[in-house]
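>>> Sequence isn't available, so here's the structure alone:
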Ligand code: 4AD
Ligand code: MG
């Protein structure tokens, strides 16, 4: 009987006969020896076919196997340090090979360099390549680790609506659609407002789902559809929230290091940098961040950099500022107390300094920029109503949200972590479009 295994467990089968079901990623022709690099979803493994072991008809077919042909291979597992693959170090001497489908010859994503546009147009094939496979495996582990931490720390999972009557994060990035007789509705930018209702039932909750922003910017950090996890905590202030965040993020990093070593190594990630990540994370105020940036600006001779680093109190950070700030620390760093006017309408003001808010962003280490945005929410009815009016938001759509401040209001805080930005930081890749199976950006909705 065939013993079908996963290639990531191959080390456990050294010396035994096993079967793998997968696809030929590459074939190296050495005459009587054919080296097939087979991927089975769990890894990439070298399989060796020796001419003498096959009837001539089958060996002839192997000689013509194209990239991506689907195969079932059976053979003996041999430990060999030199064997390529992910994780590598083992190979299969093929005794039997079944060709399930002989792939056609004109596979678009041959093993050579492809331009990014071409790769994106062929994303359905691009995801088969080792780098993309590795990144998406890391993504799945990030999601698993994040749920695991929240579920075992008293957070109740709540699913918040995608179709919503009002904006959460500003009105400039809304996707709108007509909704029967109700007029315009919007795709959710965040589940936060609903979680503020959910905490008054459950205390600690989180939602995890797709979020939508009609971002007109073409940066390396923005998608129009991305996945966000949003924990929300009753009776919790800004400090309490940052303590949760650092535990949460550290757990995710640890888990990824434990389970996705082979993938990170295959991506060339410097793992030692991630191994350093431990709570507590440094915290600097927005005021201090501005001073630090000004110092960095004074310190540089590079005119272009000087210009990019230009900033005054009251301005939001751009990517260059975040990159510079985060590059200053070897841990993720909290920047707290942003100006009220650069943050969303719901932010609690700083006591005694109303121009400042009880907000905090977490900037990833090594210059990857903001991965988490969060803060303490306004709990006073009158102040919240005033803010909704100042921001010219439709009061009627926020009636239920205001009601939360009339019945059982309390200090509360929460945050949102973008999965794609987190994965790009952990994998050490520069553009977040590679961290989601099928990215949506301002100029792409295919495939
Ligand atoms: O800072 P943001 O906009 O915060 C919120 O949406 C809050 N309502 C969250 C909360 O407090 N519950 O977004 C949070 C995170 C960012 O730090 C970033 O990681 C990610 O979501 N994010 C994006 N990721 C990819 N593409 C975009 N266009 C993103 N916008 C935000
Ligand atoms: Mg933000």
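That came in fine, so what should we check first? Please read these numbers as outputs of a predicted model, since none were measured by experiment. Ligands and ions are numbered 1, 2, ... in the order given.
>>> all contacts plus neighbour counts: C-alpha atoms, from now on.
OK.
>>> could you pull out the strands for the stretch 1-150 of the chain?
According to DSSP state E, counting those that start in this stretch, the stretch 1-150 of the chain carries its strands in the segments 17-30, 33-39, 44-50, 70-79, 85-86, 90-101.
>>> want to try CSV for the ones you listed, with mean pLDDT and distance to residue 143 as columns?
Formatted as CSV, the strands of the stretch 1-150 of the chain follow (pLDDT from 0 to 100; distance: least, Cα to Cα, whole Å):
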stretch, mean pLDDT, distance to residue 143
strand 17-30, 97, 25
strand 33-39, 98, 23
strand 44-50, 98, 23
strand 70-79, 98, 29
strand 85-86, 97, 22
strand 90-101, 97, 29
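>>> Serialize those to TSV and add fields for distance to residue 253.
Output for the strands of the stretch 1-150 of the chain, formatted as TSV (distance: least, Cα to Cα, whole Å):
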stretch	distance to residue 253
strand 17-30	30
strand 33-39	26
strand 44-50	24
strand 70-79	30
strand 85-86	21
strand 90-101	28
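>>> out of these, which comes closest to ligand 1?
strand 85-86 (28.9 Å; Cα to the nearest ligand atom).
>>> who's in contact with residue 393?
If you count contacts by Cα atoms under 8 Å, 6 or more residues apart in numbering, residue 393 has them with 166-167.
>>> same deal with residue 392?
Counting by Cα under 8 Å, 6+ apart, residue 392 has no contacts.
>>> Give me the pLDDT for it.
We have a pLDDT of 95 for residue 392.
>>> Pull the contacting residues for residue 255.
Listed by Cα under 8 Å, 6+ apart, the contact set of residue 255 reads 141-142, 145.
>>> picking up where we left off before, need the strands of the stretch 1-150 of the chain in JSON lines (columns: distance to ligand 1).
Formatted as JSON lines, the strands of the stretch 1-150 of the chain follow (distance: least, Cα to the nearest ligand atom, whole Å):
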{"stretch": "strand 17-30", "distance to ligand 1": "31"}
{"stretch": "strand 33-39", "distance to ligand 1": "30"}
{"stretch": "strand 44-50", "distance to ligand 1": "30"}
{"stretch": "strand 70-79", "distance to ligand 1": "35"}
{"stretch": "strand 85-86", "distance to ligand 1": "29"}
{"stretch": "strand 90-101", "distance to ligand 1": "38"}
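>>> can you tell which of the ones you listed is closest to residue 429?
Taking Cα to Cα, strand 85-86 is the member of the strands of the stretch 1-150 of the chain nearest to residue 429, at 18.7 Å.
>>> helices or strands next to the closest one in the packing?
Counting contacts by 3 or more Cα pairs under 8 Å, 6 or more residues apart in numbering; DSSP states H and E, strand 85-86 is packed against strand 44-50, helix 261-266.
>>> how far off strand 70-79 does the longest one point, in degrees?
Comparing the axes of strand 44-50 and strand 70-79 via axes from the mean of the first three to the mean of the last three Cα atoms, to 10 degrees yields an angle of 90 degrees.
>>> strands paired with strand 44-50, and their directions?
With DSSP bridges as the test, strand 44-50 is paired with strand 33-39 (antiparallel), strand 85-86 (antiparallel), strand 90-101 (parallel).
>>> any chance of those strands in CSV, plus distance to residue 373?
What follows is the strands paired with strand 44-50, written out as CSV (distance: least, Cα to Cα, whole Å):
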stretch, distance to residue 373
strand 33-39, 38
strand 85-86, 35
strand 90-101, 44
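>>> most packed of the ones you listed?
Highest mean neighbour count among the strands paired with strand 44-50 (mean count of other Cα atoms under 10 Å): strand 33-39, with a mean of 23.
>>> Can you give the contact residues for it?
The contact list for strand 33-39 (Cα under 8 Å, 6+ apart) reads 22-29, 44-51, 62-63, 85.
>>> ranges for the strands of the stretch 301-447 of the chain?
With DSSP E, counting those that start in this stretch as the criterion, the stretch 301-447 of the chain has strands spanning 333-336, 349-350, 353-357, 359-364, 369-376, 412-418.
>>> Pipe the ones you listed into a markdown table and attach mean pLDDT per row.
Converted to a markdown table, the strands of the stretch 301-447 of the chain look like this (pLDDT from 0 to 100):
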| stretch | mean pLDDT |
| --- | --- |
| strand 333-336 | 98 |
| strand 349-350 | 98 |
| strand 353-357 | 98 |
| strand 359-364 | 98 |
| strand 369-376 | 97 |
| strand 412-418 | 99 |
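>>> Reformat the helices and strands packed on strand 85-86 as CSV; add mean neighbour count.
Output for these, formatted as CSV (neighbours: other Cα atoms under 10 Å):
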stretch, mean neighbour count
strand 44-50, 23
helix 261-266, 19
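>>> Throw these into a markdown table and include distance to residue 375, thanks.
Below are these laid out as a markdown table (distance: least, Cα to Cα, whole Å):
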| stretch | distance to residue 375 |
| --- | --- |
| strand 44-50 | 43 |
| helix 261-266 | 32 |
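>>> between these, which one is nearest to residue 134?
In terms of Cα to Cα, the element of the helices and strands packed on strand 85-86 nearest to residue 134 is helix 261-266, at 4.9 Å.
>>> mean confidence score for the helix or strand that that closest one is followed by?
Proceeding N to C from helix 261-266, the next assigned helix or strand is helix 271-275, under DSSP states H and E. Taken as a whole, helix 271-275 carries a mean pLDDT of 97.
>>> gap between helix 271-275 and the chain center?
18 Å (Cα atoms, centre = their mean, to the nearest Å).
>>> is it possible to export the contacts of residue 255 to JSON lines including neighbour count, distance to residue 164 and pLDDT?
Formatted as JSON lines, the contacts of residue 255 follow (neighbours: other Cα atoms under 10 Å; distance: Cα to Cα, whole Å; pLDDT from 0 to 100):
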{"residue": "141", "neighbour count": "20", "distance to residue 164": "30", "pLDDT": "98"}
{"residue": "142", "neighbour count": "24", "distance to residue 164": "27", "pLDDT": "99"}
{"residue": "145", "neighbour count": "20", "distance to residue 164": "29", "pLDDT": "99"}
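>>> Ligand 1: which of those is nearest?
Comparing these against ligand 1 with Cα to the nearest ligand atom places residue 142 closest, at 13.4 Å.
>>> ok, the closest one - contacts?
Listed by Cα under 8 Å, 6+ apart, the contact partners of residue 142 are 252-253, 255-256, 419, 423.
>>> Give me every residue in the stretch 101-250 of the chain lying close to ligand 1.
Residues of the stretch 101-250 of the chain lying near ligand 1 by Cα under 6 Å from any ligand atom: 169, 190, 192, 213, 215, 221-224, 226, 228, 230.
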